[in-house]
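Chemist: test case, fold it:
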Amino acid sequence: MVKDIIKEKLLEVERQENISIFYACESGSRAWGFPSENSDYDVRFIYLHPRDWYLSIDEQREVIERPLTENIDLSGWEIRKALRLFRKSNPPLLEWLRSPVIYQQKFFAIEKLRNLIPAYYSPSSCLSHYFHMARGNFREYLRGDIVRVKKYFYVLRPLLGCKWIEADLGPVPMEFDMLLERLVLSVPLKQEIHALLERKKSGHELDLEPKIPVLNNFIEVELERLSNVEKLKSAAQVDTAELNKLFIEALDEVWK
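Modeler: Numbering: from 1, shown residues only. Have a look, this model is predicted:
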């Protein structure tokens, strides 16, 4: 099974880098709920070095990446990098922590981090992230008469993420179906999205095709509306001491 291969690759990274990977999850279309047969496995992980690694005066690399092999893309963040991004309410990290596909979870650090999400979650930061993602992908892939139709999902998902935040529903979930069913009320629009989803799941390439007017109209209206929306009020943040404490506790637990 692919999950067994992924776990073996994670063990290999641990041995090669002398680290402990205490959390690994899926972050791409397989977590979003609409993979095609040949979709990559986008594996993201968080790791710890042994205690002495943190005592160096030199700046050290905080990211580990491996070339794409066997449709498996591996990339991870060192825990301090992850905690600094968490402090900023980083949307990709918030998604990782709530991924529906978990390949590995050891120790209690991740559960403690999840429990801190309400205190650090910033609607304004997340809204800005998803809006700029949607706008950038729309400009790059969907503005002509002939478009890369699979890229509709790379615009629709962040746009629906913005609507999720505006509805005060908390951090945006990874699962696209959850966003679609909760937020899309127009029957023609929902039908068009479902039709595209079925094509993608059944293995269609979804490459260059004429644009889909119903989708383009929705996207253009939402992008224009969101460009004029006032930033939502940021949530009050817990003192950094909470994250420092979590870091020290994780070191103690993993390397005791």
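Chemist: pLDDT (mean, whole number) over stretch 162-169?
Modeler: Average pLDDT, stretch 162-169: 96.
Chemist: could you do stretch 30-43 as well?
Modeler: Mean predicted lDDT for stretch 30-43 stands at 90.
Chemist: show me the shaky parts of the protein.
Modeler: Flagging of the chain using pLDDT under 70 yields the residue ranges 204-205, 230-238.
Chemist: most remote residue from it's center?
Modeler: residue 57 (31.9 Å; CA atoms, centre = their mean).
Chemist: what residue is smack in the middle of the chain?
Modeler: Centre-most residue of the chain, counting by CA atoms, centre = their mean: residue 92, 3.6 Å.
Chemist: sec struct for that one, please.
Modeler: Three-state assignment for residue 92 (DSSP: H, G, I helix; E, B strand; the rest coil): helix.
Chemist: distance check, it against residue 78.
Modeler: Distance, residue 92 to residue 78, using CB to CB, to the nearest Å: 15 Å. Where C-beta positions appear, they are placed from N, C-alpha and C, glycine not excepted.
Chemist: measure the residue farthest from the centre of the chain to residue 181 for me?
Modeler: Taking CB to CB, one finds residue 57 at 52 Å from residue 181.
Chemist: next: residue 216.
Modeler: 22 Å.
Chemist: quick one, which of those two is more surrounded?
Modeler: Ranked by neighbour count (other CB atoms under 10 Å), residue 216 and residue 181 place residue 216 first, with 16 against 10.
Chemist: wait, what's in contact with that one?
Modeler: By CB atoms under 8 Å, 6 or more residues apart in numbering, the contact set of residue 216 is residue 142.
Chemist: thinking again about what came up before, surely the residue nearest to the centre of the chain and residue 31 touch.
Modeler: No - with contact defined as CB atoms under 8 Å, residue 92 does not count as touching residue 31 (11.5 Å).
Chemist: what about residue 214, neighbour count?
Modeler: A count of nearby residues for residue 214, using other CB under 10 Å, gives 15.
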